[in-house]
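Chemist: from the sequence below, what's the structure:
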Amino acid sequence: MIIDGAARVVARYSSKARGCLHLSQNLISGIWEGFNMPKFLGKDKNGLGKYQYSFYPFRNQRQWKTVKAPSQREADRLFRDYENSYQQTTSPDSEGISFTGILEQLDKKCKADGDCDKTFKNYRSVYKNFFERFLPKEYPDISSMQGIRLRAKLIFERYKSWVVVDCNREKGWREELTKLKVIFSKLNAVGLCDEELLKTIKAFKKPKRHQRLFKEIAREQLTTLLKFIKSDRPDYYGVSYLICRYGWRRGQALTLKAKNITWESLRPVKLTCEPQDTKTKEPFIIRDIDPELANILKDYYMEAKRRNSAWLFPNRSGDKLHAGHYTEYVKEASKKVLKIELKPHDFRHSLITWLKSKGCSDRDIMAITGHRDINSLNIYSHATSAGVKQIIEDTRLFDK
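Modeler: A predicted model of the protein is given here:
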């Protein structure tokens with residue numbers, strides 16, 4: 001009986017102790033929540049309240065998070081969800097998702113957005129420049145997105161100097177910044193980049209578009225160059241013909257496949273550029289095929305079938321023509337034949353300028369070149385020496 005009485009006393013006081021402990025835990029939790037009250041920053045244009053929270057995911061590492069919600073109670077719930085997800089995706093060693101993981105997420109986002117392989121290669125190139133070449137060299141202590149956010153403005157200013165000066169790309173910052181903004185926007189869409197960091201990089205304005213130096217090319221010169229290419233490199237002739245005659249972009253001509261030709265009987269009647277191969281991401285179709293173009297397409301189609309190649313203009317081994325190799329060949333051939341170094345894109349400028357001087361309609365030109373915007377088309381129109389001389393002659397006031 002003595003033992004039973006002692007057991008009852010112990011049980012009674014232990015239950016009271018547990019109740020006191022539970023009460024103290026609730027009290028401490030309430031006091032902590034009182035100290036950790038969010039800061040109200042006002043309301044946005046949609047009437048949602050903005051609440052700023054601070055928390056310590058790891059020791060000596062304070063973080064801030066702004067939550068938009070119709071009430072503080074809803075904001076508290078959203079913040080708890082964010083804090084839990086943050087703890088699951090962050091480790092104290094990395095201070096955030098590693099850059100390798102970021103590249104994987106970027107790859108998935110590009111595929112989800114339907115970006116073509118060429119576009120993703122461009123993004124990957126800029127990604128490597130910034131995350132794998134620039135940051136390890138200039139900021140070796142930064143290994144996560146959290147570190148970039150803390151010194152974002154300084155980092156992007158230094159990156160601009162690195163691209164222009166260190167990489168000797170005086171006119172390359174516009175293209176680099178454009179793609180870098182897209183990369184961070186995609187990372188923001190998948191939750192790897194916060195709004196503050198995105199606003200910082202969007203605050204950097206792109207410099208004005210570089211005006212390409214126009215090189216006047218007579219139509220007779222183009223004929224001479226095409227004849228030389230046909231005799232010297234027949235595999236480059238079909239691509240060069242389309243670029244010179246229709247002002248196509250290099251990528252559109254190089255990516256044409258044998259299946260892109262539509263036939264009626266034994267005559268090609270339609271040539272289609274697939275959406276992923278055009279800059280506007282829209283199908284581009286040429287329906288008015290004259291006998292000259294029809295013969296060229298027929299010859300290359302038969303050659304591609306004979307060599308069992310899917311490409312309409314394959315290289316010597318039957319694969320797709322390499323864009324860089326083709327550009328270098330055009331440079332060398334034009335210097336040799338015309339004594340002028342030309343690039344494939346110069347033919348696009350030359351054709352549009354020539355068609356404008358002939359008084360052709362903008363809509364008719366766009367149907368050939370593949371433009372979707374008249375303002376973009378006007379960029380390719382330049383003054384010519386013959387046109388300026390004609391105006392000077394027509395504006396004379398005396399001694400005509």
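
Chemist: correct me if wrong: L41 contacts Q52.
Modeler: Yes. Taking C-beta atoms under 8 Å as the contact criterion, L41 and Q52 are neighbours in contact, 5.6 Å apart. C-beta here means a position set from N, CA and C on the backbone, and glycine is covered the same way.

Chemist: and the helix or strand encompassing L226, what does it pack against?
Modeler: Here L226, judged by DSSP states H and E, is contained in helix 219-232. On a contact count with 3 or more C-beta pairs under 8 Å, 6 or more residues apart in numbering; DSSP states H and E, helix 219-232 meets helix 234-246, helix 323-337, helix 344-357.

Chemist: contacting residues around T200?
Modeler: When contacts are counted by C-beta atoms under 8 Å, 6 or more residues apart in numbering, T200 is found next to 152-153, 156.

Chemist: so which of those would you say is closest to D346?
Modeler: Distances from these to D346 were compared by C-beta to C-beta; the smallest belongs to F156, at 33.3 Å.

Chemist: can you pull the alpha-carbon coordinates of the helix or strand hosting that closest one into CSV?
Modeler: Secondary structure assigned from DSSP H and E places F156 in helix 152-161. Coordinates of each C-alpha in helix 152-161 appear next as CSV, following Å, rounded to 0.1, in the frame of the first residue of the first chain:
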residue,chain,number,x,y,z
ALA,A,152,23.6,42.3,-57.1
LYS,A,153,24.2,45.8,-58.3
LEU,A,154,27.9,45.7,-57.8
ILE,A,155,28.2,42.3,-59.4
PHE,A,156,26.3,43.3,-62.6
GLU,A,157,28.3,46.5,-62.9
ARG,A,158,31.5,44.5,-62.7
TYR,A,159,30.1,42.0,-65.1
LYS,A,160,29.5,44.7,-67.7
SER,A,161,33.1,45.8,-67.4
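
Chemist: can you spell out which helices and strands pack onto that helix?
Modeler: For helix 152-161, where contacts count as 3+ C-beta pairs under 8 Å, 6+ apart, the packed elements are helix 135-138, helix 195-202.

Chemist: that older thread, can I have the buried ones of the contacts of T200 as a ChimeraX selection?
Modeler: Remark: buried members of the contacts of T200, expressed as a ChimeraX selection using 16 or more other C-beta atoms under 10 Å:
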select :152,156
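
Chemist: picking up where we left off before, export the helices and strands packed on helix 219-232 to TSV and tack on mean pLDDT, mean neighbour count and distance to P283?
Modeler: As requested, those are arranged in TSV below (pLDDT from 0 to 100; neighbours: other C-beta atoms under 10 Å; distance: least, C-beta to C-beta, whole Å):
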stretch	mean pLDDT	mean neighbour count	distance to P283
helix 234-246	92	21	16
helix 323-337	93	16	21
helix 344-357	91	21	19
